[in-house]
Each structure stands twice: as C-alpha cells, then as structure tokens.
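Asker: Provide a 3D model corresponding to the input given below.
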Amino acid sequence: MIKSFVTTYQGFEDVVALELKEFKASNIKKGTGIVTFDLNEAIDLCKITYKAQSINRAVLLLNKFKVDKTIKLSVKNFVDSKLANLKEWCLDSFKIDTKRCGEHEFNSIELSSEISKVLIQKFKEENNHEIHAEFGNPKLIFYLYIFDDKGYFGIDFSGIDLAKRQYKIFNHPEALKGITGYYLIRESGYSKEKILIDPFMGSGVIPIEAAIFASDFPVQYYDKDKLNFTRYPFFKPFESSFFDHIDKKIEKSKQNIYGYDCQLRFLNATQKNSKLAGIDKSIKLSKIDVEWLDTKFEKESVDIIVSDPPRYGKLKDLPNLKKTYTELFYQANYVLNKKGKVVLLAREEVIISECAKMHKFKLDKKNIIFQGKEKFFVLSFVRVK
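Answerer: Okay, the predicted model is just below:
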C-alpha cells in the first residue's frame, strides 16, 4: 500500500474524489486544493497521472508536516515528521517544486532551499549516498504543497501541469480550462450512454472533455515522454507494455455528444481542437443558434445540457443576455427528458435562475469553484415537479 496525493483547483475536490474512486483508490481524504489517498502500488499512481482529467499534479506522498509561519519552525517540523524511506530513490540529482498558499514569513524558494539541505543530509546519513540539487534536468523531482499550516511532501510523478491541455490551440476569448470542462460534465452526472448538448461550445472544451471521458482516452496521450514517472527506475519493468495496455482500451465509436455555436469561427476552432485531442470522430458539431435546438432533437429526447453560456461584460448587454438565457431554458423545456438536467458555469446566479423559473426549472444545486483565482458558480437546474 502506498500513500499519494493529487492537487487540483479549489472547489474541485469532490469531483477528484469521484474520479479517484474509479481508479480504485482507497482512504480518500479531501483538503483544500488537495486530495490524499492510498493505492496498492506505485504503478497505479502512474495510471492516474496518465489518465486523470481533474488534477494538476500526482505525487507519491512521503510525509505530512505542520507548517509554521516561520521557516525555522517549519523546517524543524519537516525534520521531526516521519519521512518515508528514500533508499529506492537514490538518484544523483533532484529539485523541489513548491506551491504555497497562505500567509508565511518566508517564500517558496526559501523553504525549498532549506528542505533540500535536509534531504542531502538524510541521503548521506541513511544511504551513504551523495545527491545534489539541480534545477536544469534533475533525475528526481520532489513536490511540496502548502496550504496555510499543512504541508505535503512527496515524489512528483507528473513533472508537468496535468490540467493543461495540448489540444487548446484555437481558443475562445472566455475559454474554459480543460479541468473545468471536466468538472462540469461530472457534476452533471454524465455517462456515455446519455445524450449531452453544449449549445454555447466556444472552442469546444466541454464536448471535448466529455468525449475524452466517454472514450476512456488518456489525457496525457500526446505527452507520454514528458511524464516524470517514465524516468524512475521502478517503471523500467513496465515500460514496454504500460501505455499499450491502457491505450488499447480507447473507445473509438461515436458518442452522443453534441456541440453547437452560432459563430462559424468557433465551430472551426472546435473542429480543429477536437482533432488535436484525438476525439474528433466521437462528437457531433454544428453551427446553429440556441433557438434552433428543437429542430435538431425530438421532444424530451436529451438527457443533459452542459454549457458555459455568454457572461455579462463589455460586449454583452443585460437585455440580450436575459433573452439568451430565456431561450436556453425554453429549448431545454422542450428537448430535455423528465429527469433531464441543465448545468451551467456562471459569474452570478440571479438572472439565470429567474430565466429558468420562467420555463419551469428550479435551481437544484449550487457549487463554488475557482479556475485559477477566478471565482465561478456551477448551477444545476432540474424541472419543477
């Protein structure tokens, strides 16, 4: 049994926990921007690193310690904590990547430097092995996550930001991050046998993430060589078959996922992005306005609408926004089945909820998430019974 943790955006922890259960993780515990868990062996963490859609980093947990406001006490707590045996990780060079959230009398670089000294000494005393810090191309990367007074330290299996998507080349001005698109589809309860529509797809993040999920397509399929775990000694026995074993399970059939936008440039962008993502054959895309949804689907034939509708701003006046939201729920009332759901990303909830009420939808659930430092509401609407 190995202990691990993943990091994510604040507010995404429930969806991360859901995804980890699907990877057979146990003892799952949610923090702020972090989820800890247990796995049977290290290769299971490699699978999470390669496939998970909801995370930023995947780390083999070595220890947890209390972080003080001062660097001296924080380092002492690190030294006093029970650090896992590092013998099997006796490589020549290392570095520490750090993410720190909260008020402390030190910065990330200062703390990383002091902990590096501790590690060098520990390797020498316990394993009679000399290692050195290197920032260029180290053989081992540690990851330190700090949130207020909690510190989590371990071996980074990712080495890159797993939330970044290589397919996001042709963008919408208000484009979502891939991890946010995935959050929305999981919050909607989507599964591959259901029909899902995004009527404001922009550059296609939501339908693409839905297709990646439904097709069991590894998120890091095109970035295999960038993943840290491929360089670690324990991975060598698995090297020849690991990726092939996972990749052969990709579902190549067309899914019931539909993306629409009223602008041709965004249809073109989504078509190009979906091809870059490797799932262009799995989704159906068209240029139509939201008011034409009822011409595309039979009455009560759709399961879920998931979207990031237009937001209030310099180029979007309030009357037109209300008209758009009202039309969305008018169409939803026609195409959604009795148990259908509308899940929307929004900056505010009042106007959208008022438009929903006009067409017999009620707010069933509201979550707050952060895309980086930006705060959003995730609003889930169901029919009024």
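
Asker: partners of the strand or helix carrying Phe376, with directions?
Answerer: Following DSSP states H and E, one finds Phe376 within strand 374-383. Strand 374-383 has the following strand partners under DSSP bridges: strand 336-346 (antiparallel), strand 361-371 (antiparallel).

Asker: contacts for the last one, please.
Answerer: Same thing as strand 361-371. Residues from elsewhere that reach strand 361-371, judged by Cβ atoms under 8 Å, 6 or more residues apart in numbering: 9-12, 176-177, 180, 183, 187, 329, 332-333, 341-342, 349, 353, 356, 375-384. Heads up, the C-betas are built off the backbone N, CA and C, glycines and all.

Asker: same thing but at 6 Å, please
Answerer: The contact list for strand 361-371, computed with Cβ atoms under 6 Å, 6 or more residues apart in numbering, reads 9-11, 177, 180, 329, 353, 376-382, 384.

Asker: now list the buried members of the residues you listed.
Answerer: 9-11, 177, 180, 329, 353, 376-382 (16 or more other Cβ atoms under 10 Å).

Asker: what ranges do the helices span in the stretch 201-350 of the chain?
Answerer: In the stretch 201-350 of the chain, the segments counted as helices under DSSP state H, counting those that start in this stretch are 205-215, 242-247, 264-277, 293-296, 318-335, 350-358.

Asker: okay, the ones you listed in CSV with mean pLDDT and distance to Leu227 next?
Answerer: Listed next are the helices of the stretch 201-350 of the chain as CSV, based on pLDDT from 0 to 100; distance: least, Cβ to Cβ, whole Å:
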stretch, mean pLDDT, distance to Leu227
helix 205-215, 97, 17
helix 242-247, 97, 10
helix 264-277, 95, 18
helix 293-296, 95, 40
helix 318-335, 94, 40
helix 350-358, 95, 39
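
Asker: out of these, nearest to Gly33?
Answerer: Smallest distance to Gly33 across the helices of the stretch 201-350 of the chain (Cβ to Cβ): 20.0 Å, for helix 205-215.

Asker: just name the most buried of the strands paired with strand 374-383.
Answerer: Neighbour counts (mean count of other Cβ atoms under 10 Å) averaged over each of the strands paired with strand 374-383 peak at strand 336-346, with a mean of 20.

Asker: angle of it against helix 318-335?
Answerer: Orientation check (axes from the mean of the first three to the mean of the last three Cα atoms, to 10 degrees): strand 336-346 against helix 318-335 gives 150 degrees.

Asker: angle of strand 336-346 against helix 350-358?
Answerer: Orientation note: strand 336-346 sits at an angle of 170 degrees relative to helix 350-358 (the same axes, to 10 degrees).

Asker: pLDDT averaged over strand 336-346 - what is it?
Answerer: The pLDDT scores in strand 336-346 average 97.

Asker: stretch 75-84 now?
Answerer: Stretch 75-84 comes out at a mean pLDDT of 90.

Asker: which residues does it contact?
Answerer: For stretch 75-84, contacts defined as Cβ under 6 Å, 6+ apart pick out 62-63, 65-66, 114-115, 118.

Asker: helix or strand with the lowest mean pLDDT in this structure?
Answerer: Ranked by mean pLDDT, DSSP states H and E, the helix or strand of the chain with the weakest confidence is strand 132-133, at a mean of 86.

Asker: check contacts around the closest residue to Ile212 other than its chain neighbours.
Answerer: Spatially, and ignoring its direct neighbours in sequence, Ile212 is nearest to Ile279 (6.0 Å; Cβ to Cβ, 6 or more residues apart in numbering). Residues near Ile279 by Cβ under 6 Å, 6+ apart: 211-212, 215, 217.

Asker: go again with 8 Å.
Answerer: 208, 211-212, 215, 217.

Asker: could I get the buried residue list for stretch 148-166?
Answerer: Those would be 150-159, 162-163, 165-166, for stretch 148-166 by 16+ other Cβ under 10 Å.

Asker: could I get the CA-only coordinates of it as CSV?
Answerer: What follows is stretch 148-166, C-alpha atoms only, in CSV (Å, rounded to 0.1, in the frame of the first residue of the first chain):
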residue,chain,number,x,y,z
ASP,A,148,-1.9,27.5,5.5
ASP,A,149,-0.4,25.3,8.2
LYS,A,150,-0.4,22.0,6.3
GLY,A,151,2.5,20.7,4.3
TYR,A,152,2.5,17.7,2.0
PHE,A,153,5.8,16.4,0.5
GLY,A,154,6.5,13.7,-2.0
ILE,A,155,7.9,12.5,-5.3
ASP,A,156,6.3,14.1,-8.3
PHE,A,157,5.1,11.6,-10.9
SER,A,158,3.8,14.2,-13.3
GLY,A,159,6.5,16.9,-13.8
ILE,A,160,4.1,19.0,-15.8
ASP,A,161,0.8,20.7,-15.1
LEU,A,162,-1.7,17.9,-15.8
ALA,A,163,-4.5,20.4,-16.0
LYS,A,164,-3.1,21.9,-19.2
ARG,A,165,-4.5,20.5,-22.4
GLN,A,166,-2.4,20.3,-25.6
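
Asker: and the strands in the stretch 151-300 of the chain?
Answerer: Here the stretch 151-300 of the chain has its strands, by DSSP state E, counting those that start in this stretch, at 196-198, 257-261, 284-287.

Asker: quick one: list the elements packing against the last one.
Answerer: Strand 284-287 is packed against strand 257-261, helix 264-277, with contacts defined by 3 or more Cβ pairs under 8 Å, 6 or more residues apart in numbering; DSSP states H and E.
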